[in-house]
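>>> quick one, structure for this:
(3 chains)
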Amino acid sequence: MAIEARNICKTFGDFAALDKVDLTVGDGELVALLGPSGSGKTTLLRIIAGLEYADAGRVLIDGVEASRMHARERNVGFVFQHYALFKHMTVFDNVAFGLRVRPRPVRPPPAEITERVMALLKLVHLDKFHDRYPSQLSGGQRQRVALARSLAVEPKLLLLDEPFGALDAKVRKELRRWLRRLHDDIHITSIFVTHDQEEAMEVSDRVVVMNHGRIEQVGTPEQVYHQPTNGFVYDFLGNYNEFVGWKDENGDVHLAEDDLWEAQQQAAPSPVLTSRPHWLSRYPELTNAIRKVIPGLPLPTQAASNRAFAKMTRSQMRALLAERGIPVRVFARPHEMFITKTPDDAHEYIPVDVIHINPAGSLAKIELQRKNGTILQAEVPKTIIDSLAIKRGDHVFVRPKNVRVFE
Amino acid sequence: MTSILATALYKLKKPSIIPGFGLTLAFTLFYLGVIVIIPLSGLFVTAATLNAAQFWQAVTSERVLHAYKISFGLSLAAALINCFFGLILAWILARYRFPFKKIIDAMVDLPFALPTAVAGIALTALYAPHGWVGRYLEPLGIKIAFTPLGILIALLFVGLPFIVRTVEPILQDADRELEEAAISLGATRWQTFCRVIFPGIVPALLTGFAMAFARGLGEYGSVIFIAGNIPKLSEIVPLVIVIKLEQYDYAGATAIACVMLVASFVLLFLINWLQKYRSITSGWKGKA
Amino acid sequence: MRRSPTSESLWMRALLMAVGLGFMAVLVLLPMAAVFAEAFRHGWVAYRNALEDPLALAAVRLTLLVAAIAVPLNVVFGLAASWAIAKFDFIGKRLLITFIDLPFSVSPVISGLIYVLLFGSGSLLGDWLSDHDVQIIFAVPGLVIATMFVTFPFVARELIPLMEEQGTEEEEAAIMLGANGWRTFFSVTLPNIKWGLLYGVLLCNARAMGEFGAVSVVSGHIRGLTNTIPLHVEILYNEYNFVAAFAVASILTLLAVVTLLLKSLIEFKFAPEIRAQKG
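Below is the predicted model of the structure:
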């Protein structure tokens, strides 16, 4: 069953939950709707299911207009975050419910119902629990019953609303893998909603990233992670470090920070911060550093210019930078950070203190604190940590190897 | 040795740093003792002074037997009818929005707050042959006032709030997701109600029913004006007790009162057991 | 506006509303209207005369007196019982709650009867009482005690679930900070339960003023002395003095309506606070 949602709009009072959303899901695909709370993903799912009606726009199921179709006619299986199992019915009765409420002409005979229900329960590994009540099951088991129940009516479309949200981490991981395998077996078109990007990436064929009622990007997990189209998508999928930078006329990007460190440091009798202009006149080699930040800046040649430079305050300096370039946000993933104890002069480095090392795993996670107090995260192979003999409290230098820039 | 004692004491009452247990419990028990326990025991003690034959004769005289039939039969009927209409009222109050809903909701408690005597004369005024409603029914041959039908109406009046008030909160708190699950599985609205919603409210409905029934059994003020009070025809048990009192037949009154009290206790314990059962199965929230 | 997928069809909703509201209107609202209509049948003057009748006024005074004694005592009981039940865990709690619910299952006639048997002449304590010239039955104390029996659960029933839901943490915190029991009660517990307490008092009062069956058995119907408003209504009605009966009855009807409106007004105005108090 292929689903198409066109131009869906929905408001609740003043709150615009969905704003002209278009979505296409191919037959047999497993798609994740990913976004923070309030992004509209659950609303979109419920509109597709028929549990809500859109204010504008259409839903097409296999090319047929479905917007007026009642939920029970859409042949959709819906799995709720809190399972919504019928408390007073056994597991068996819960799963059999959809078959038993069919109108008499289409209702299967009791023997067939039993057969189908037990087959499904076997599929979810709960056949031995068929006469238990939901209150006697664990969270993971209940969710499997809910899944079996929705599959019993042989839906063409499976919709899951944060299905693993109420479970603890280990169970969540197990069920995730299990869902993926199930989908590989039965190839039912499925859409599931989640705010956990790891889940979306691991399970789905395609990810739909949503925010504030709009779709930000649609693509394979690979695409949305490595080729995000905007800052929100980058931010939402994975950790990152953020810096302030400037893009100059040539399109080069530079980090313009308070505490850029240059290798010429040894020539200076005291720590240098390039944004302190009055040093410039005394240490001409530092102007080279400035030039790297803003190429094309006229070198101060004479004492007069030096003095002019020297009189510039930090903010004037920054204003100059701002004039020359476009402020940008610069992002780098933790595993794209390069750490060293001996910075070379070919690049700009940031001096940091190591405040925490988490050695678990082959990639050690390090937390670094900058002079201005913000924390950077780096993921570095353990071998490098060992060879550099980095430990807590050390002063090291870090630079982003690979940056992404969003304006 | 002391640990056994300690465990026993712990089972009696869990220790707590909050003061006042002794004082408040003592006062509560004293109050209950003076107001309730002692007088009730007085009743049973007095009843015990009768010998078995007297007792039996008092509680099974023909007049009294008819009164039982009237009281129990009509209370049961009224409670059942109230289950039906009370459920509908609870449904619309819990789920629908309409103008003046808050006022209607408050008025459901009217039979609870209104003095029974006032209800009695008002109902009589309405359903007597020349009353507001009675005058339309009289030509049709339907007599309400001064017949068992009138008693039924009065019992309907006093019992309604019990059903509505016990069922309404359950319906309000009910988890809509269960209903959504049912319809996504293909159930019609009626099937959803019968198979999913109704089983969840049965305990509350039963509790309300038992309360309405108990109230109906003992009701006096609202019934005696409209009832007609003809012995063996439209006489309720509480009235029989009062008449016996006025005739100074304390023994007879006491005997009949004992029978009624037994019925009251049975219902009382049933109600409390139902409420305990409900709180154990944590109501009906569906977050299974 | 399209109906939500989980609700009934339009005609079903209309039918349910018609049936439910129709039932309410006929059964509950009509009698109320009847009281006032009958009271004013002979006009405003007759109404006023009925209310100014000295016997009626005596009945009003007596009713107020009985309520003024019974209600505060019941409030104290309610507070004590709910404190013991909600803040502590002990054996027999369930049984205690069952006993508190007792008056709701017992016929008001029996509620009066038990006091007649206990205090009436020729009874267990009757002789002792008449020796000491103390009159309980057929006198005001009898009325008070019978009213107390019938109405004592109201405050307790309102407070117990409320206090149970609020738990014991705040009180425990206060004790740990050094407050004694009374201080904890007045500063911590009481503010939390004030709305529940108010409801309980309102209902208790309405019922105390309106009690008929129990009081009827105990009172002896001595006009001017042991007749409360409901009893006076009965007497007037039995004398076929309908207008006066309804006129006096209208006082209590008004009281009931005001009680309910007050209750829903408070619920409406202070809804967020009340919800917060429910913990």
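>>> which of the three states applies to the closest residue to A:Tyr240 other than its chain neighbours?
Among residues not flanking A:Tyr240 along the chain, A:Phe331 sits closest, at 4.8 Å (C-beta to C-beta, 6 or more residues apart in numbering or on different chains). Where you see a C-beta, it was placed from the backbone N, CA and C, and this is true even at glycine. Under the three-state scheme (DSSP: H, G, I helix; E, B strand; the rest coil), A:Phe331 adopts strand.
>>> A:Phe331 bridge partners, please.
Counting by DSSP bridges, A:Phe331 is bridged to A:Glu242, A:Arg404.
>>> count of neighbours near it?
By the criterion of other C-beta atoms under 10 Å in any protein chain shown, A:Phe331 has 21 neighbours.
>>> do B:Glu177 as well
Residues within reach of B:Glu177, counting by other C-beta under 10 Å, total 20.
>>> if we can go back for a sec, in contact with the residue nearest to A:Tyr240, which residues?
Applying C-beta atoms under 8 Å, 6 or more residues apart in numbering or on different chains to A:Phe331 gives the contacts A:Gly231, A:Tyr234, A:Asp235, A:Tyr240, A:Asn241, A:Glu242, A:Phe243, A:Val403, A:Arg404, A:Val405, A:Phe406.
>>> who wins for neighbours among those?
A:Tyr234 (22 neighbours).
>>> which residue packs closest to that one, ignoring adjacent ones?
A:Pro228 (4.1 Å).
>>> now swap in B:Gly228 and tell me
B:Phe146 (3.3 Å).
>>> and after the helix or strand hosting A:Glu379, which helix or strand comes next?
Using DSSP states H and E, A:Glu379 sits within strand A:375-381. With elements assigned by DSSP H and E, the helix or strand that comes after strand A:375-381 is helix A:382-388.
>>> for A:His82, which three-state class applies?
Criterion first, three-state DSSP; result for A:His82: coil.
>>> so it sits against B:Glu177, correct?
Yes - assessed by C-beta atoms under 8 Å, A:His82 is found in contact with B:Glu177 at 6.7 Å.
>>> so the residue nearest to B:Gly228 lies in a strand, does it not?
No - counting by three-state DSSP, B:Phe146 is not found in a strand; it is coil.
>>> what sits against the residue of the stretch 201-350 of chain A found nearest chain C?
The stretch 201-350 of chain A approaches chain C most closely through A:Gly213 (20.4 Å), counting by C-beta to the nearest C-beta. By C-beta under 8 Å, 6+ apart, the contact set of A:Gly213 is A:Ala16, A:Ala17, A:Leu18, A:Asp19, A:Val21, A:Ser39, A:Gly40.
>>> for chain B, which element, helix or strand, carries the lowest mean pLDDT?
helix B:2-12 (a mean of 77; mean pLDDT, DSSP states H and E).
>>> tell me which residues in stretch C:12-23 are buried?
Buried residues in stretch C:12-23, defined by neighbour count with 16 or more other C-beta atoms under 10 Å in any protein chain shown: C:Arg13, C:Leu16, C:Met17, C:Gly20, C:Leu21, C:Phe23.
>>> repeat that for stretch C:68-86.
Buried residues in stretch C:68-86, counted by 16+ other C-beta under 10 Å: C:69-71, C:73-75, C:77-86.
>>> restrict those to contacts with chain B.
Filtering the buried residues of stretch C:68-86 for proximity to chain B by C-beta under 8 Å from any C-beta of the partner chain leaves C:Phe77, C:Ala80, C:Ala81, C:Trp83, C:Ala84.
>>> and the second one, how far from C:Phe152?
Using C-beta to C-beta, to the nearest Å, we find C:Ala80 at a distance of 11 Å from C:Phe152.
>>> same question, the first one
Between C:Phe77 and C:Phe152 the distance is 6 Å, computed by C-beta to C-beta.
>>> now do the shared contacts for the two.
B:Tyr31.
>>> how about the closest residue to C:Thr189 other than its chain neighbours, secondary structure?
The shortest distance from C:Thr189 to any non-neighbouring residue, by C-beta to C-beta, 6+ apart, is to C:Glu171 (6.3 Å). Put simply, C:Glu171 is helix when judged by three-state DSSP.
>>> hang on, isn't C:Glu171 packed against C:Lys87?
Yes - when contacts are counted by C-beta under 8 Å, C:Glu171 is listed as touching C:Lys87 (6.4 Å).
>>> comparing those two, which residue is more hemmed in?
Shown here are C:Glu171 and C:Lys87; by other C-beta under 10 Å, C:Glu171 has more neighbours (26 against 23).
>>> residue contacts, that one?
Counting by C-beta under 8 Å, 6+ apart, C:Glu171 touches B:Ile18, C:Lys87, C:Thr184, C:Val188, C:Thr189.
>>> show me where pLDDT drops low in the stretch 1-150 of chain C?
Residues of the stretch 1-150 of chain C that meet the criterion pLDDT under 70 lie in C:1-3, C:121-124.
>>> at 50 instead, please
The model of the stretch 1-150 of chain C has pLDDT under 50 over residues C:1.
>>> any idea how far B:Asn229 is from B:Thr147?
Distance from B:Asn229 to B:Thr147, by C-beta to C-beta: 11 Å.
>>> for the stretch 151-288 of chain B, give me the ranges with low pLDDT.
Checking the stretch 151-288 of chain B against pLDDT under 50 turns up B:282-288.
>>> can you check chain A too?
Those would be A:258-289, A:294-297, A:299-307, A:309-310, A:314, if you go by pLDDT under 50 across chain A.
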